[in-house]
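[1] Sequence plus the predicted model coming up.
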Amino acid sequence: MSGADVDSPTEITDTIERPDRGRVRRALFDLKRWFLIDANRWFVVGLLAAATFVLTVAVGTFGPVPVQRFLSEGVSPAAALVELLKTIVSVVTIVLSINQLVLSPELGPVSDQRGRFDDTMELRRESEGLLDDTVSPLSPGQYLDDLVSALRDRATDLPDVVDGGPDLEADVEEFARKLVEDADNVNEELTDAKFGEFEAVAAVMDLDTSGKIRHLRRIRKEYADQLDDEERERLVEMVNALELFVTARGYLKTTYIRTEFINFSRALLYAGLPCLLLAFWASQTYDPNVLPGTTLGVENRLWFVSGAATVALVPFVILVSYISRLATISQSTLFIGPFVAGSEQHEEE
């Protein structure tokens, strides 16, 4: 995902980058990223539920239809609540079915489990060659942090190894500067992040690997006649290190998505039954003559109906909150390798 990724559903990249052009675009991107990705999901649930409640009260109070007609004519609030009960059951059923599909690879036969285990161990062995460690860390957060630090160290040493013409040296120094700058930012974000929380995934997704791999491959092609065997080998090692980081990041990101689906399903189950019961009780107890009088200038019946409708919609609000993040993250995993689709910047390049 890139900066324009949140702006346009057609852009597919592997990073979350802030757009460079336009103060308004940057502000909109920050707002969209906060809502779709960075904000705590339960805070978003509360925000959307509060907005639903306030909007319902506002429409009933200031809308074109007087509140008496709003509550007594057309579809009655009790009938509307009964329909919302059906929505709760449908949402819970659909989400649990999707969750079963997402987690089905975890329930495969022994041969599949063995293959997944072998792939994971192979990734660790390759990582240990990059990390210069005997055994790679068990903690996913520390593992990602060490990989980013290894990339930064190799990028720092690269300009000292590659010694060619001024254009070649400037190009290599520019690559190293950008990678070191991005790696420092990611290491800082990973300092207090814990795997299982979104902060760890968001941190490593701030590192643009597609552009950097392309940059290195262009240097190898464009300055092929100025590079000796050792310099070519160091550039290849740098590309391999970036590719290894992409593989590890993709694997851990996929693991996070599955973990988040589990949290999402659990949240929906916890909220589904109470919301179902409250909406049912509200539909059975509502009457046009219930709760006479006003509070803060608003009829008590309207407060009651708005609250009941908001509670009935909480499971759907939870769905919107979690799926908005999962869909945005999943969009960055559609391509395997350094590909970018729909980006104005990369199309211009």
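    Good, I have the coordinates. Since the structure is predicted, the reported quantities are computational estimates derived from the model, not experimental observations.
[2] What residues of stretch 267-274 count as buried?
    267-268, 271-272 (16 or more other CB atoms under 10 Å). (Each C-beta comes from the backbone N, C-alpha and C, glycine too.)
[3] can you check stretch 170-190 too?
    Going by neighbour count (16+ other CB under 10 Å), the buried part of stretch 170-190 is 171-172, 175-176, 179-180, 182-183, 186-187, 189-190.
[4] cool, stretch 224-234 as well?
    227, 231, 234.
[5] Please apply the same query to stretch 275-283.
    275-276, 278-280, 282-283.
[6] Could you do stretch 132-152 as well?
    So for stretch 132-152, counting by 16+ other CB under 10 Å, buried means 136-137, 140-141, 143-152.
[7] what would these look like in JSON lines with distance to Ile323, pLDDT and secondary structure?
    Below are the buried residues of stretch 132-152 laid out as JSON lines (distance: CB to CB, whole Å; pLDDT from 0 to 100; DSSP: H, G, I helix; E, B strand; the rest coil):
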{"residue": "Ser136", "distance to Ile323": "33", "pLDDT": "71", "secondary structure": "coil"}
{"residue": "Pro137", "distance to Ile323": "32", "pLDDT": "72", "secondary structure": "coil"}
{"residue": "Pro140", "distance to Ile323": "24", "pLDDT": "73", "secondary structure": "helix"}
{"residue": "Gly141", "distance to Ile323": "25", "pLDDT": "73", "secondary structure": "helix"}
{"residue": "Tyr143", "distance to Ile323": "28", "pLDDT": "79", "secondary structure": "helix"}
{"residue": "Leu144", "distance to Ile323": "25", "pLDDT": "80", "secondary structure": "helix"}
{"residue": "Asp145", "distance to Ile323": "29", "pLDDT": "82", "secondary structure": "helix"}
{"residue": "Asp146", "distance to Ile323": "32", "pLDDT": "83", "secondary structure": "helix"}
{"residue": "Leu147", "distance to Ile323": "29", "pLDDT": "84", "secondary structure": "helix"}
{"residue": "Val148", "distance to Ile323": "29", "pLDDT": "86", "secondary structure": "helix"}
{"residue": "Ser149", "distance to Ile323": "34", "pLDDT": "85", "secondary structure": "helix"}
{"residue": "Ala150", "distance to Ile323": "35", "pLDDT": "85", "secondary structure": "helix"}
{"residue": "Leu151", "distance to Ile323": "32", "pLDDT": "87", "secondary structure": "helix"}
{"residue": "Arg152", "distance to Ile323": "35", "pLDDT": "88", "secondary structure": "helix"}
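[8] from those, which two are the most distant?
    Using CB to CB, the two most remote members of the buried residues of stretch 132-152 are Pro140 and Arg152, lying 18.9 Å apart.
[9] What segments of the stretch 151-300 of the chain are strands?
    294-295, 298-299 (DSSP state E, counting those that start in this stretch).
[10] how about these in CSV, adding distance to Thr156, mean neighbour count and mean pLDDT?
    Below are those laid out as CSV (distance: least, CB to CB, whole Å; neighbours: other CB atoms under 10 Å; pLDDT from 0 to 100):
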stretch, distance to Thr156, mean neighbour count, mean pLDDT
strand 294-295, 65, 12, 75
strand 298-299, 63, 18, 76
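[11] Could you report the separation of Leu235 from Ala282?
    67 Å (CB to CB, to the nearest Å).
[12] how distant is stretch 313-332 from the center of its chain?
    9 Å (CA atoms, centre = their mean, to the nearest Å).
[13] Tell me which of the strands of the stretch 151-300 of the chain sits nearest to Asn240.
    Short answer: strand 298-299, nearest of the strands of the stretch 151-300 of the chain by CB to CB, at 65.2 Å.
[14] Tell me the strands beside that closest one, with direction?
    Paired with strand 298-299 in the same sheet, following DSSP bridges, are strand 294-295 (antiparallel).
[15] Touching the strand it pairs with from outside, list them.
    Outside strand 294-295, the residues within contact range by CB atoms under 8 Å, 6 or more residues apart in numbering are 300, 303.
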